[in-house]
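**Q** Next input, structure requested:
(chains A, B, C and D)
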Protein chains: 4
Amino acid sequence: MIDTRTRGVFVISATPFAEDGSLDLESAARLTEFYLEKGASGLTVLGMMGEAAKLTPEESLAFLDTVLRVVAGRVPVVVGVSAPGIVALGALAKQAMERGAAGVMVAPTPNLRTDQQIEAYYALVCETLGPDVPVVLQDFPLALGVQFSVDCLVRIFAAHPQIVMLKHEDWPGLAKLGRLRALEAEGRAPHVSILVGNGGLFLPQEMARGADGAMTGYAYPEMLVQVVEGMTAGNRDAVEDVFDAHLPLIRLETQPGLGLAFRKQVLFRRGAIASPFVRRPGPKLDAEDMAELDRTLGRLDRRLAELAE
Amino acid sequence: MIDTRTRGVFVISATPFAEDGSLDLESAARLTEFYLEKGASGLTVLGMMGEAAKLTPEESLAFLDTVLRVVAGRVPVVVGVSAPGIVALGALAKQAMERGAAGVMVAPTPNLRTDQQIEAYYALVCETLGPDVPVVLQDFPLALGVQFSVDCLVRIFAAHPQIVMLKHEDWPGLAKLGRLRALEAEGRAPHVSILVGNGGLFLPQEMARGADGAMTGYAYPEMLVQVVEGMTAGNRDAVEDVFDAHLPLIRLETQPGLGLAFRKQVLFRRGAIASPFVRRPGPKLDAEDMAELDRTLGRLDRRLAELAE
Amino acid sequence: MIDTRTRGVFVISATPFAEDGSLDLESAARLTEFYLEKGASGLTVLGMMGEAAKLTPEESLAFLDTVLRVVAGRVPVVVGVSAPGIVALGALAKQAMERGAAGVMVAPTPNLRTDQQIEAYYALVCETLGPDVPVVLQDFPLALGVQFSVDCLVRIFAAHPQIVMLKHEDWPGLAKLGRLRALEAEGRAPHVSILVGNGGLFLPQEMARGADGAMTGYAYPEMLVQVVEGMTAGNRDAVEDVFDAHLPLIRLETQPGLGLAFRKQVLFRRGAIASPFVRRPGPKLDAEDMAELDRTLGRLDRRLAELAE
Amino acid sequence: MIDTRTRGVFVISATPFAEDGSLDLESAARLTEFYLEKGASGLTVLGMMGEAAKLTPEESLAFLDTVLRVVAGRVPVVVGVSAPGIVALGALAKQAMERGAAGVMVAPTPNLRTDQQIEAYYALVCETLGPDVPVVLQDFPLALGVQFSVDCLVRIFAAHPQIVMLKHEDWPGLAKLGRLRALEAEGRAPHVSILVGNGGLFLPQEMARGADGAMTGYAYPEMLVQVVEGMTAGNRDAVEDVFDAHLPLIRLETQPGLGLAFRKQVLFRRGAIASPFVRRPGPKLDAEDMAELDRTLGRLDRRLAELAE
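**A** Numbering: from 1, shown residues only, chains lettered A, B, ... in the order given. This is a model prediction of the structure:
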């Protein structure tokens, strides 16, 4: 089970498809092994980046079962269970926990606007799940259109101890992270684990402000691990040299929509999945995109080699 | 099967729940019979108003099976199959058609913006469904944030003859309806059936502009039937007297979100369902809402009695 | 000056243009006199419905000066001063108050999301205006995309006594109005004047829930006056008969965008302005719209005659 | 005058304010000189990043006059004239051109959705401006919510030859840029100048796809100049080494909202303006932001020194 002390890199797993669009469970197994080899402290499946919304209910469970079987308890697995209706959310969470999930991730429904509405929604979620299911709250305004103020987050964490983790991907979001940790230091907010998203775009800065790690799907998870461990060890300059070398690629992967096509293409080239196919409707790379990716990966390799000297 | 000549009133069915929030299939059967008794030419299930998004996959099929069993072929049943992913949409449509649906309704995914994106989406939908499945295109910008221009609709209808019906609920939308029919008269657009939504708020005006009927869930479907038949018969003054008498109640039912609570309360009072429960998160009527509904229904009865004299 | 005890009907003034699109100050004078004759307790100028955003700075002041000259102190005039920048807002408010405005109306900037952001914005507005300028807070989510929770409004009213009035046009909004008055009755919220907008679509119901009147631009302001006075006098049945007779026309005028073209056309037909021109980009009525308006006005006259018997 | 052959770096000018929030025209003059010294081929004023919306009408003209006086014809100056109403837009454009502007920039009004609406709007803009005013079309969906398809842009460019330039800041936007140039090569679209925005985040890649330069306000305009010239000269590897060194800072400056505070802080540190003040409501840097900026600038200097060796 995840809890408020959970740290490290939870990789948001891609969902592999074959060229004909069917779910590729063999690649799912290989990809899971790949993430673990690269040092993942945990996995997150059925999140937005994972194309969860494009799976049928049966596919979702088949994918989850495959991941859990390969992981075999080596690391915790968080399952995204966001759904428009609370009954479906509760049913999916129940299935996930029974299968061995370490917690569930819940994004707000997109219609929520005021603090009152947001707080009422998470109260309903927690009541539905029951108190024993650890929850990750996903704060992702760019994609969801829902804004959490710091006050609102603090009231939600205080009211629901089972919400043990914040997936932080507000943008810009550094000030929010800093304020949350400052309120905690003053005893005015409970401690929660904060893992950051947004492809890791600000990961060193976010670690410096008090993040506990990352929860994102960047195709070089070993770099995320290196940054999280290095920053924890106080080794910032060397860490940032490596991180900055990756920034041109991170920039490609954090493009809304299109970024996923780059990410799967990199995972494909690294041998982690059998096809870079993105389920439709979805983005596709054109020849120029591929040439740019070649170039970006080539430059990344050269720069890392330079740094390694 | 529905086709481009389909006319009349397709009632968007509410989804009945028991007070404990569970799906109430007995009420579903009773409600289906109620709609048929009131003169529905067809039914539409698993639409947005029907709380489709709040059902689990199993509940959706159970509800659909109940409705189809009660209808027993007496009228066509359209099934809402909108889904974020095309595979899930295709799978649900296949299940629906195999069970006996007369067509499927597809709303655009909310991220679509340009004409190109919208047209590409419906091309993908039609390719996925195959050419034999009749499709209703749902044009509902207030809820979905997607705007169809007249040109865009015409190009979609011309490209995909299987899209036989437009569920028209743009607001304001009368000019769009008029332009579509004008282009058709000039031979510049194919004919499709146009049924109007928005709770019927402009039904007489829309019939005058060339609509073929209504597809909406107003709790007095017999009034919709009376308006559609009366307008077709050219009996406009008497029709509008009745329609205007209902307008104060239509106004309550067309309020975003809250309107559904009024609608289910009226269906409950009319004996069509065992409970007015709306699944959470969802609106609830307070004591003052109930007093206003009492008053509105009382005034409606009095006015209809006056007109009947 | 307006204050928390202000009641009645504040008509949101249209802005008249000539057929060539130029500002028509002669019609502005005539329209102002028209509103006063029909019983307006106050006027609101340079609001959204008044096409304020389409005026140059010079035109805004010329229009305001004309209205103030004609009113000549007979009723209070509220001036809309919403602007993206606080300096421009402050400058316009200063000009308005110096010319004799009774207060200013301020809508939130559209980017505000959380309660914290909204409260900070109104704090900045009040600091900028100084404590002596009475403020109307405009709550209009459909047009602005900003949602005020009841808690947020109460905190704003408590912090800034100069915010003396709420222009209430949330939709649905009856429950919010009721909760505000309930909190006030329990001593948990300060009293403010609440005038309702939305074309008066729910005016009798809103008066019953504790509104103090209307602030809207419906082209028959005498009906609004009749409803506000009649509801205050406890004469609800007769009031609602008249109100319901107007509902088909109110429905035309409350259509987003297009409604303004209907409203100006009615004002034109009633002799209040020399042209129904709406500045571009803006809506235009087509021949069918005009025929429907003819019909709606004819039916309104007949129904009012029936009621007067 | 700008035309379809215009190339280079047009710097979007910041608007300098004193610590008390007043417009600082002395800094405006100094900043203008700074941009020219760093190699700007042109300037753009009164754009969104320039806090145009926060100026009073008098301030806008005073600022424009200062910039034009200092520039004294050395480079073309484009003036942002976007406004909710077409009359105000036309009036501001007339004032700008009479004062010596080289063209005007027009963003779509945020309510536009369909291709038809967007095309109608630019037709109205061009009709209002008259054919002799060169226009820059601003395509910035993240900030404005309006999506231009490639087809829509091509139709607009074909219909209005006075629209000589596209300010391209769609995100992701590389494929759009490539498609526009491909259609042009096939003779299916007219040539326009394309300058890219988004803080230059993809500048080398965009130059490779056929951009003619940049129109953005990054606080090191000399780097933008170096990239545009270097890419034109075919010197890609060296160019990208420098560009990638700046990427960590570009990342800070392209954060929505907050980025402007970083940008003004850098301009302040570089001696270009007397105060980094951002007019309220606006973002402020906290102590941690400042420390991160220190660190980022230090690392930038070190990396540039390394590359210069």
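**Q** Within range of chain B, give me the residues from the stretch 101-250 of chain A.
**A** A:T109, A:A120, A:Y121, A:L124 (C-beta under 8 Å from any C-beta of the partner chain). Placement of C-beta: from N, CA and C, glycine included.
**Q** Only whichever of those residues are buried, select them in PyMOL.
**A** Remark: buried members of those, expressed as a PyMOL selection using 16 or more other C-beta atoms under 10 Å in any protein chain shown:
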select buried, chain A and resi 109+121
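**Q** Return the subset of the residues of the stretch 101-250 of chain A next to chain B lying in helices.
**A** A:A120, A:Y121, A:L124 (DSSP state H).
**Q** Check the gap between the last one and B:G21 for me.
**A** When C-beta to C-beta, to the nearest Å is applied, the distance between A:L124 and B:G21 equals 11 Å.
**Q** if I look at the two, which residues touch both of them?
**A** B:R280 (C-beta atoms under 8 Å, 6 or more residues apart in numbering or on different chains).
**Q** Would you tell me whether the lowest-mean-pLDDT helix or strand in chain A gets close to chain D?
**A** Using mean pLDDT, DSSP states H and E, helix A:141-144 stands out as the lowest-scoring helix or strand of chain A, at a mean of 90. No: using C-beta under 8 Å from any C-beta, helix A:141-144 stays clear of chain D, coming no nearer than 8.7 Å.
**Q** swap in stretch A:180-194?
**A** No: with C-beta under 8 Å from any C-beta as the criterion, chain D is not reached by stretch A:180-194; the gap is at least 9.8 Å.
**Q** Not counting that stretch itself, show me its contacts.
**A** By C-beta under 8 Å, 6+ apart, stretch A:180-194 touches A:2-7, A:150, A:153-154, A:157-158, A:161, A:163-166, A:168, A:177, A:209-213.
**Q** change it to 7 Å
**A** A:4-7, A:150, A:153-154, A:157-158, A:163-166, A:168, A:177, A:209-212 (C-beta atoms under 7 Å, 6 or more residues apart in numbering or on different chains).
**Q** Same check on stretch A:267-282?
**A** With C-beta under 7 Å, 6+ apart as the test, stretch A:267-282 has contacts from A:14, A:16-19, A:21, A:24, A:27, A:30-31, A:34, A:51, A:54, A:219, A:260-261, A:264-265, B:85-87, B:121, B:124.
**Q** Tell me where the longest helix sits in chain A.
**A** Longest helix in chain A, counting by DSSP H: helix A:287-308.
**Q** which residues of chain A score low on pLDDT?
**A** A:49-50 (pLDDT under 70).
**Q** Tell me which residues touch A:A245, please.
**A** Counting by C-beta under 7 Å, 6+ apart, A:A245 has contacts A:L300, A:R303, A:L304, A:L307.
**Q** So how do I select the buried members of these in PyMOL?
**A** With 16+ other C-beta under 10 Å as the criterion, this PyMOL line picks the buried residues out of the contacts of A:A245:
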select buried, chain A and resi 300+303
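**Q** need the contacts of A:A245 in a markdown table with distance to C:M231, can you?
**A** What follows is these, written out as a markdown table (distance: C-beta to C-beta, whole Å):
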| residue | distance to C:M231 |
| --- | --- |
| A:L300 | 71 |
| A:R303 | 74 |
| A:L304 | 75 |
| A:L307 | 76 |
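**Q** With respect to chain B, which of the contacts of A:A245 is nearest?
**A** Distance to chain B, by C-beta to the nearest C-beta, is smallest for A:L300 among those, at 30.5 Å.
**Q** could you list every residue that touches that closest one?
**A** Applying C-beta under 7 Å, 6+ apart, the residues contacting A:L300 are A:A245, A:H246, A:L249.
**Q** Helices - which of those residues land there?
**A** Going by DSSP H, the helices hold A:A245, A:H246, A:L249 from the contacts of A:L300.
**Q** Which positions in chain A make contact with chain C?
**A** A:R113, A:T114, A:D115, A:Q116, A:Q147, A:S149, A:D151, A:C152 (C-beta under 7 Å from any C-beta of the partner chain).
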